[in-house]
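Colleague: Model the structure of this input:
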Amino acid sequence: MQFSESRNVTRWFLILTSFVIVSLILWNTYMFFQQFKEDERLKMELWAQAQITVFNSDEEDISLPLKIISNTTTIPIIVTNEKDSIINKTNLDEIKENDTLNLRNYLEKLKKENEPIVMEYAKGRFQYLYYGNSSLLNKLKYYPLALILIIILFTALVYNYYRSTKVATQNKLWAGMAKETAHQIGTPLSSLIGWLEILKIENVEENTIKEIEKDITRLQTIADRFSKVGSEPVLEKLDLVTETIQSFDYLKSRFSKQVEFSFSAPTKTILVNLNPTLHSWTIENLVKNAIDAMKGRGKLSLTIVEDEKEVKILVSDSGKGIPKNQFKKVFEPGFTTKKRGWGLGLSLTKRIVEEYHKGKIRVYQSEVDKGTTMLVSFKKV
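Modeller: Residues are numbered from 1 along each chain as shown. From the prediction side, this is the model:
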């Protein structure tokens with residue numbers, strides 16, 4: 001318990017530390033962007049002063065102003081007069097000289113990016129310098145978004161790694177528990193078989209022997225199921241109809257006559273890669289769940305249909321139904337609506353169908369107080 005709490009504290013500390021670091025990086029990037037933007041404005045003010053100096057010069061040395069003007073090559077500039085007519089432009093490589101419409105549109109864009117610099121080139125005579133952000137500043141503007149995207153992707157990768165590791169650990173635990181259960185059942189089962197042989201020698205009543213044999217066979221089946229869940233089961237090419245009807249008839253004979261059973265399937269052989277023991281467990285779980293949903297009274301039907309590539313098993317009941325928002329939850333380990341239940345039946349069934357048989361299982365349709373249909377599908381061979 002203490003180790004678990006310590007691990008949670010460490011995890012939250014790392015999350016908060018990462019958040020603080022990211023926040024500092026974003027804040028520093030923002031401040032750098034603002035500083036760079038101010039520097040570009042100072043550069044534009046210097047460019048404007050150089051333009052005024054060149055315009056008003058007579059014979060004085062204007063080499064420095066001209067150098068300032070010629071070296072400003074990364075910032076797009078448009079100069080207008082008092083009537084908003086364009087009288088000068090530079091660094092607009094993407095706009096053609098005579099493309100008046102695009103030039104006016106670009107001017108409107110520059111007006112939104114930065115405040116204009118007013119140039120008084122003569123007393124009472126003004127020009128207006130509009131400028132945009134340099135390519136470097138534009139790249140810097142999108143850097144925080146790129147950083148956030150990288151962080152989100154990295155977080156998603158870490159989460160997926162953590163989740164897959166957790167699932168793998170759970171699977172190992174599941175497999176280990178299943179093997180251990182099969183082993184634990186096997187020890188007393190061997191003893192029971194020995195005692196059964198002794199009872200036969202002692203001439204115990206035949207009906208009693210038969211009932212004990214049925215229970216031992218049942219225990220052997222349960223042990224076999226758990227041993228196969230704990231390891232990779234062997235699949236065989238078997239007739240799905242035959243294997244399904246055997247399990248269905250077995251269950252049908254052991255439930256109350258208040259449940260009306262019906263079975264429908266093609267009369268031909270349909271071959272599927274199956275493990276008969278685990279498939280029997282799948283049918284048993286689906287039938288028992290259906291009967292529980294009907295509280296032991298109602299109509300239960302099992303239908304097998306096929307198309308070109310798949311064969312489908314539909315198990316329908318007239319029970320209490322499942323709300324639509326629980327269609328996926330019913331397959332989660334521990335989820336149950338019964339007062340006494342572990343919530344492992346459908347979770348185990350999903351594992352058998354999808355992981356071991358590479359099939360699919362889902363709630364096909366359901367309506368509260370009217371019934372549910374579960375769908376299992378396998379690829380034909």
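
Colleague: tell me what the lengthiest helix in the chain is packed against?
Modeller: The helix that spans the most residues within the chain, counting by DSSP state H, is helix 135-201. Contact analysis of helix 135-201 by 3 or more Cβ pairs under 8 Å, 6 or more residues apart in numbering; DSSP states H and E lists helix 2-56, helix 206-229 as its packing neighbours. Every residue, glycine included, has its C-beta placed from N, CA and C.

Colleague: Could I get the average pLDDT for that helix?
Modeller: Mean per-residue pLDDT for helix 135-201: 75.

Colleague: what does stretch 262-271 give?
Modeller: The average pLDDT for stretch 262-271 rounds to 95.

Colleague: Kindly export that stretch (C-alpha atoms) in PDB.
Modeller: Output of stretch 262-271 as PDB, limited to C-alpha atoms (Å, rounded to 0.1, in the frame of the first residue of the first chain):
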ATOM      1  CA  SER A 262     -34.600 -22.600 -30.300                       C
ATOM      2  CA  PHE A 263     -31.700 -23.400 -32.600                       C
ATOM      3  CA  SER A 264     -31.300 -22.500 -36.300                       C
ATOM      4  CA  ALA A 265     -28.300 -23.200 -38.600                       C
ATOM      5  CA  PRO A 266     -27.400 -24.300 -42.100                       C
ATOM      6  CA  THR A 267     -27.500 -28.000 -42.700                       C
ATOM      7  CA  LYS A 268     -24.100 -28.100 -44.400                       C
ATOM      8  CA  THR A 269     -20.600 -28.200 -42.800                       C
ATOM      9  CA  ILE A 270     -19.000 -24.800 -42.100                       C
ATOM     10  CA  LEU A 271     -15.300 -25.200 -41.300                       C
END
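
Colleague: Buried residues, that stretch. List them.
Modeller: By 16 or more other Cβ atoms under 10 Å, the buried positions in stretch 262-271 come out as 265, 270.

Colleague: now do stretch 214-224
Modeller: For stretch 214-224, burial by neighbour count (16+ other Cβ under 10 Å) applies to 219, 222-224.

Colleague: any idea which of the helices and strands packed on helix 135-201 is most buried?
Modeller: Highest mean neighbour count among the helices and strands packed on helix 135-201 (mean count of other Cβ atoms under 10 Å): helix 206-229, with a mean of 14.
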